[in-house]
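# using only what follows, build the 3D model:
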Amino acid sequence: QMTTSTKPSSSNNSGSSNKMSSKNNAKSMKKSTDNTVFIRFTPASSLVNRWHLEEFFSAIGPIKKCSVISSNKSSAANNKNSLGYGFVKFVSLQDAQKAARECNHKSLTVNEKQFQLTE
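From the prediction side, this is the model:
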């Protein structure tokens, strides 16, 4: 469950607009994450990028956005060091739920190297 905080209004308003906007913000934040699946891949590797996740998960359904999280520190090869996880945002909630069910503990192959996927 997500919560939001708002600053008190400096106007003479009773605060009802703040309560309304807070509720709307919470609803829009929840909706923005509903279709998103958290993916962990092991071992963590900079070989895995968002295009690999998009290719793998597009078999489930249309994808809105993919990202692989990496540190700001660069390795010797000038690649950012992957933290071993990412996010896949599907267009539909049903596809996100299907991906979470069906792709847990599956393998992703990149450059002949296997990566274990978990939710």
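
# when you work out contacts or count neighbours from here on, use the C-alpha atoms and nothing else.
Will do.

# from what I can see V88 touches R40, true?
No. The pair V88 / R40 is not scored as a contact, 10.9 Å apart, by CA atoms under 8 Å.

# host element of K98?
Assessed by DSSP states H and E, K98 sits inside helix 93-102.

# tell me which residues in that helix are buried?
L93, D95, A96, Q97, A99, A100 (16 or more other CA atoms under 10 Å).

# with stretch 110-119 instead?
In stretch 110-119, counting by 16+ other CA under 10 Å, buried: F115, Q116, L117, T118, E119.

# now intersect those with the strands, please.
Per DSSP state E, strands hold the following members of the buried residues of stretch 110-119: F115, Q116, L117, T118.

# name whatever forms a beta bridge with the last one.
Using DSSP bridges, the bridge partners assigned to T118 are R40.

# right, and it touches F41 too?
Yes. With contact defined as CA under 8 Å, T118 counts as touching F41 (6.5 Å).

# so where do the strands sit in this protein?
Under DSSP E, the chain gives strands at 36-42, 63-74, 80-90, 107-110, 113-118.

# in JSON lines, list those strands along with distance to E54.
What follows is the strands of the chain, written out as JSON lines (distance: least, CA to CA, whole Å):
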{"stretch": "strand 36-42", "distance to E54": "12"}
{"stretch": "strand 63-74", "distance to E54": "6"}
{"stretch": "strand 80-90", "distance to E54": "8"}
{"stretch": "strand 107-110", "distance to E54": "11"}
{"stretch": "strand 113-118", "distance to E54": "13"}
